[in-house]
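Trainee: Turn this into a structure:
(one chain, ligands or ions: 1)
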Amino acid sequence: MLNIVLFGPPGAGKGTQAAKIVEKYNLTHLSTGDVFRANIKEETELGTLAKSYMDKGELVPDEVTIQMLESEVDKVDSPKGFIFDGFPRTTPQADALEKFLKSKNTSVSLMLVLDVSVEELVKRLLLRGIESQREDDQNEEIIRNRIRVYNDQTAVVADYYSQEGKFEKINGVGTIEDIFNSVCSNIEKYI
Ligand code: AMP
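Mentor: Below is the predicted model of the structure:
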C-alpha cells in the first residue's frame, strides 16, 4: 500500500495536488478539514465541536480528530493506499497514525511537504476566502493564527518522518503542473 502524508501550511496547495495524486495513483483522499466541514454542514455533534476550534484557527483536540480519522479509514473497502491531507498535525496524531496503520500491516510510505512563504500563503488564502466562502479564509487574523499554529504545533511532525528517511520537501510556488511533476518524481522514489 502507498500511504502519503501531504503536508504544508494552510494555503500551500495540498488540496489541489491531492486531487491530482489521487487520480494518477488511485489512492483514497482523506482530508480531516473536509470531514470536519461536512460535519459542520450536517450539523452533527462533531461538527459543532470542530467549529468552535476552526472558527478561531485552532486545532481540534487530538482525541476527537484521531478517532474521526480512524473511523474514516475503516469505511474504505480494500484501499490501495491513502493520501492523508491535513493529518497528522501534532506528534500524538503521528504516533496514533503509525500505531493504527501498523495494526493493519501497513505504514506511512512518505511525507511530502509543500513549501510556500508566509506572505504568499496569506495572499492565496484571502483569495480563496473570496472564491469559496470558507469562513476561516476570510479573516486575515484567523489566517495568520492558522499559520502560527502550523509553525508552533504542526511543523515538528516533519521531524518525525524526516528521522525515518521518509520526508521530501517540494517548492510549492509555480504552476500546478510543475509542482505536480515534482510531486510525482518524489513519489516514484518510494514505489
Ligand atoms: P484544513 O482544511 O486542513 O486547513 O483544516 C481546517 C481546520 O480544521 C484547521 O484549522 C483545524 O481547526 C481543523 N483541523 C483539520 N485537520 C486537523 C487535524 N489533523 N488536527 C486538528 N485540527 C484539524
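
Trainee: okay, CA-based contacts and neighbour counts for the rest of this
Mentor: Fine.

Trainee: give me the number of residues near G129?
Mentor: 16 (other Cα atoms under 10 Å).

Trainee: The ligand contacts on the protein?
Mentor: Counting by Cα under 6 Å from any ligand atom, the residues of the chain close to the ligand are 10, 32-34, 53-54, 57-61, 65, 86-89, 146.

Trainee: do that again at 8 Å, thanks
Mentor: Taking Cα under 8 Å from any ligand atom as the measure of proximity, the chain contacts the ligand at 9-11, 31-34, 36-37, 50-51, 53-62, 65-66, 85-90, 93, 136, 146.

Trainee: what are the ranges of the strands in this structure?
Mentor: All strands of the chain, identified by DSSP state E, fall at 2-7, 28-31, 81-85, 110-115, 167-171.

Trainee: the inter-axis angle of the first one versus strand 110-115?
Mentor: If I follow you right, that is strand 2-7. Interaxial angle of strand 2-7 relative to strand 110-115 (axes from the mean of the first three to the mean of the last three Cα atoms, to 10 degrees): 30 degrees.

Trainee: Tabulate the CA atom coordinates of strand 2-7 in CSV.
Mentor: Provided in CSV are the C-alpha atoms of strand 2-7 (Å, rounded to 0.1, in the frame of the first residue of the first chain):
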residue,chain,number,x,y,z
LEU,A,2,1.2,3.5,-0.8
ASN,A,3,0.3,5.9,2.1
ILE,A,4,1.2,9.5,1.6
VAL,A,5,1.1,12.3,4.2
LEU,A,6,0.6,15.5,2.3
PHE,A,7,1.9,18.3,4.4
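
Trainee: I'd like the average pLDDT over that strand.
Mentor: Model confidence over strand 2-7 averages 97 on the pLDDT scale.

Trainee: what do you get for the shortest one?
Mentor: Strand 28-31 shows a mean pLDDT of 97 in the predicted model.

Trainee: which neighbours does that strand have in its sheet, and in what orientation?
Mentor: Its sheet considered, strand 28-31 pairs with strand 81-85 (parallel) by DSSP bridges.

Trainee: And the contacts of the strand it pairs with?
Mentor: 1-7, 14-15, 18, 22, 26-32 (Cα atoms under 8 Å, 6 or more residues apart in numbering).

Trainee: Quick one: buried ones out of those residues?
Mentor: 2-7, 14-15, 18, 27-32 (16 or more other Cα atoms under 10 Å).

Trainee: now the helices for this protein?
Mentor: Assigned by DSSP state H, the helices in the chain fall at 14-25, 32-41, 45-54, 62-74, 91-102, 118-132, 140-149, 157-162, 176-188.
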